[in-house]
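Chemist: Give me the fold of what follows.
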Amino acid sequence: MQSRAYAPAARPRRLVAALLMGFGALLALGVFLVDTFTPLQSAVAVVYVVVVLLVAASGSRRAIVGAAAGCMVLTAVAYFRGHGWLALDAAMMRCAVSLGAIAITAVLALRNRERLITIAGQASLIELTHDSIFVRDMDDIIVLWNGGAEQLYGWTAHEALGRRANDLLGTAFPGDRRVADAELFGTGRWEGEVIQRHRDGRIVIVEARCALLRDEQGKPRVILEAGTDVTERRAAAAATAESERRYRSMFETARFSFWEEDYSRVMERVAVLREQGVTDLAAYLDAHPEFVSEACALTYVTDVNEATIRMLGAQRREDLIGPLSRFLPASERTFAQVLLTIIQGGGIAEGEAHLVNLRGERLTVLFGMNMPLGPSRYDRVLVSVVDITDRKRAERALIAVQAELAQAARVTALGEMSASIAHEVNQPLAAIVTHGEAALRWLRRPEPDLGEACDAIERVVRDARRASEVVHRVRSLASKEPRQHVLFDLGALIEECAQLLDGEIALHRIVLRVDIARDAPMPRGDRVQLQQVVVNLMGNAIRAMSAVCGRRQLLVRARPEGGNGLLVEVEDSGTGIPEHIAPHLFDAFVTTRGDGMGMGLAICRSTIESHGGRLWATNRPEGGATFHFTLPVTVAEEVRA
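Modeler: Alright, predicted model coming up:
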């Protein structure tokens, strides 16, 4: 198959072949007639060589062999007709020379045909390739133009052949063209990018590979240029470079901390675990905390921004490059969850953690981590970090102020509760006096009744202990000692609150009912603070029912709430919550009583929220109000920096 640049343009190839073979047949007939029927003594049969060449120019291998055999037969027939049987004379020598010439010509023609087939096959490869290939001579005239060049530049072979390459393509070199030409003519090859023009006027960037072909004397003959369109590749590379530039700009100038971390070695260790048969990685991390520490040491900080340098107290970026374990305390448990998220390869990991800077200071931070783009891209994990140490410190200061306020309010509330407390204390004291006097009387009889005296003294001891418990509870309310979150029995706490309010409950003839569900979990918290909340809510309910006629009922109930909480409700049959007070019920200094301070409910809400719960109130349709509050079953210990 010939190259498109050399394809016949006038007559079909088959017609040309038929004409050549017909002319060869006529020539063979003429040579046979002359050699057979004329008295010429020369080697006329040698002209059969021309017949073989004509057939070889357009025939197949079979045609060449057939033509050669036919010519040799005709030569032999002419010899035997003119000279009889073989005789060693001049005629026989001429016949042998002719046969040898025909045979040699046939062999050479077959070899030449094979070479032409090889050349045609190589030329067809030029057409099959998707790359642009064209050949130009030393005058820059295009002499070959393949299909890839047509697709790349838009010019057909008919339009491109015979034109100057520079005029057609407007080739421009990013550098000095003279340097490229010097390399091409010096080494015979040159590779590089050139800027060329498409037929429609748009610019294409081509990765060109040029080869200089020389003739037998070593003189430059033609230049073959193969090219690949890299316009889209260069545009994509430019877009990627611009994206990387914007990323680096944001990375460096952001006001909050950015880290780049390499988890490649961690993933290699995980791969080893999987080869060993570990399938449940979450359970493995729980059972082997030492692996988490090892993974933290294998995690490598590869880059940080200026905000990170300031946050960690470093002088330069290089001070922070290295294992993550330098900054993450060994007790930090957040890293295990982050590690599991990275291994599972899903979503975004975020949360609160602690870091240690180069000055040894403990920092509280919020972090967010983007997962890798692919299953093997763990060498560049981006982590954003926000330092919230000052915010946490302010929160702790606010909690301390609230605790001081609650303490002051509790002390103030003690004044309001003094009457009921005095009543509570006076009752056991009066009973102690009464039982003590009775014991003395039993002992002063002429015949002392020791049994009655002992019973009286036992009652004295019981009432004294009761008075001591009342005093202890009052001291607990006024104490500034830090509270401890412990599990406690809610039923026992409500019973103690009822004992504290026993006087008011009896005075206002209130029926107290306690309903605690059997499946209600035990809450955890500061028992003294939560007791003050229940006392306050029950006391408010009692006072709300003091002016109500009819049945007065106070109900305290508890039941499970959600999956990990407890709901406590204090319900009364009093006057309810006025509509104008309801939106501000839990604000400080808001009260419905003329002698109230308006601090009780505000303190109650603050106490419940500090335990991780919620406090709210609703009116009952049949009259009265219900105060609801929730408590978690477990409360996280407060972090101290």
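
Chemist: What ranges does the stretch 301-450 of the chain have for its helices?
Modeler: 306-311, 334-344, 389-444, 450-478 (DSSP state H, counting those that start in this stretch).

Chemist: Contact partners for residue 325?
Modeler: Contacts for residue 325 (CB atoms under 8 Å, 6 or more residues apart in numbering) come out as 293, 296-297, 299. Every residue, glycine included, has its C-beta placed from N, CA and C.

Chemist: Narrow those residues to those in helices?
Modeler: Judged by DSSP state H, these include 293, 296-297 as members of helices.

Chemist: Out of these, give me the one that has the most neighbours.
Modeler: residue 296 (22 neighbours; other CB atoms under 10 Å).

Chemist: Excluding residues flanking it in the chain, which one is nearest that residue?
Modeler: residue 325 (4.5 Å; CB to CB, 6 or more residues apart in numbering).

Chemist: Check residue 67 too.
Modeler: residue 55 (4.1 Å).

Chemist: Over to that neighbour. Which of the three states is it?
Modeler: helix (DSSP: H, G, I helix; E, B strand; the rest coil).

Chemist: Isn't it up against residue 63?
Modeler: Yes. Using CB atoms under 8 Å, residue 55 makes contact with residue 63 at a distance of 5.3 Å.

Chemist: Name the spans of the stretch 351-500 of the chain whose pLDDT lies under the cut-off.
Modeler: In the predicted model, the stretch 351-500 of the chain carries pLDDT under 70 at residues 371-377, 406-428, 430-431, 463, 466, 469-484, 500.

Chemist: Helices along the stretch 101-250 of the chain, start to end?
Modeler: According to DSSP H, counting those that start in this stretch, the helices that the stretch 101-250 of the chain contains are 147-153, 157-160, 165-169, 177-187, 231-253.

Chemist: Would you indicate which residues of the first one are buried?
Modeler: When you say that, I think you mean helix 147-153. For helix 147-153, the neighbour count (16 or more other CB atoms under 10 Å) marks 147-150, 152-153 as buried.

Chemist: Dump the helices of the stretch 101-250 of the chain to CSV, plus distance to residue 583 and mean pLDDT.
Modeler: Converted to CSV, those look like this (distance: least, CB to CB, whole Å; pLDDT from 0 to 100):
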stretch, distance to residue 583, mean pLDDT
helix 147-153, 76, 87
helix 157-160, 86, 87
helix 165-169, 81, 90
helix 177-187, 83, 89
helix 231-253, 45, 78
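
Chemist: Now render those as CSV, adding distance to residue 490.
Modeler: Compiled in CSV, the helices of the stretch 101-250 of the chain are given as follows (distance: least, CB to CB, whole Å):
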stretch, distance to residue 490
helix 147-153, 83
helix 157-160, 95
helix 165-169, 90
helix 177-187, 90
helix 231-253, 53
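
Chemist: right, and these - which one's nearest residue 102?
Modeler: Residue 102 lies closest to helix 157-160 among the helices of the stretch 101-250 of the chain, at 40.0 Å (CB to CB).

Chemist: could I have that closest one exported to CSV, CA atoms only?
Modeler: C-alpha atoms of helix 157-160 as CSV (Å, rounded to 0.1, in the frame of the first residue of the first chain):
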residue,chain,number,x,y,z
ALA,A,157,-2.8,16.0,1.6
HIS,A,158,-3.8,17.5,-1.7
GLU,A,159,-3.9,21.0,-0.2
ALA,A,160,-0.6,20.6,1.8
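
Chemist: helices or strands next to it in the packing?
Modeler: Using 3 or more CB pairs under 8 Å, 6 or more residues apart in numbering; DSSP states H and E, the elements in contact with helix 157-160 are strand 142-145, helix 147-153.

Chemist: Could you give the average pLDDT over the shortest one?
Modeler: Yep, that's strand 142-145 we're talking about. The pLDDT scores in strand 142-145 average 87.

Chemist: Please identify the buried residues of that strand?
Modeler: So, applying 16+ other CB under 10 Å, buried residues of strand 142-145: 142, 144-145.

Chemist: which residues sit against it?
Modeler: Contacts of strand 142-145 from elsewhere in the structure, counted by CB under 8 Å, 6+ apart, are 3-5, 126, 133-137, 155-157, 160-165, 168, 222.

Chemist: ditto for stretch 106-119
Modeler: So stretch 106-119 is contacted by 52-53, 55-56, 61, 64-65, 67-68 (CB under 8 Å, 6+ apart).

Chemist: swap the cut-off to 7 Å and go again
Modeler: When contacts are defined by CB atoms under 7 Å, 6 or more residues apart in numbering, stretch 106-119 is touched by residues 52-53, 56, 61, 64-65, 68.

Chemist: before we move on, what about stretch 48-63?
Modeler: 16-17, 20-21, 23-24, 27-28, 31, 64, 67-68, 71, 75, 98, 101-102, 105-106, 109-110, 113.

Chemist: Centre of the chain to that stretch, how far?
Modeler: 72 Å (CA atoms, centre = their mean, to the nearest Å).

Chemist: Give me the mean pLDDT for it.
Modeler: Across stretch 48-63, pLDDT averages out at 78.

Chemist: Mind exporting the C-alpha coordinates of that stretch to CSV?
Modeler: Provided in CSV are the C-alpha atoms of stretch 48-63 (Å, rounded to 0.1, in the frame of the first residue of the first chain):
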residue,chain,number,x,y,z
TYR,A,48,12.4,-11.5,-23.1
VAL,A,49,14.0,-9.8,-20.1
VAL,A,50,12.0,-6.7,-20.9
VAL,A,51,8.8,-8.8,-20.9
VAL,A,52,9.6,-10.0,-17.3
LEU,A,53,10.3,-6.4,-16.2
LEU,A,54,7.0,-5.2,-17.6
VAL,A,55,5.1,-7.9,-15.8
ALA,A,56,7.1,-7.3,-12.6
ALA,A,57,6.2,-3.6,-12.6
SER,A,58,2.6,-4.3,-11.9
GLY,A,59,2.1,-8.1,-11.5
SER,A,60,1.9,-10.5,-8.6
ARG,A,61,4.5,-13.0,-7.6
ARG,A,62,2.6,-15.7,-9.6
ALA,A,63,2.5,-13.4,-12.7
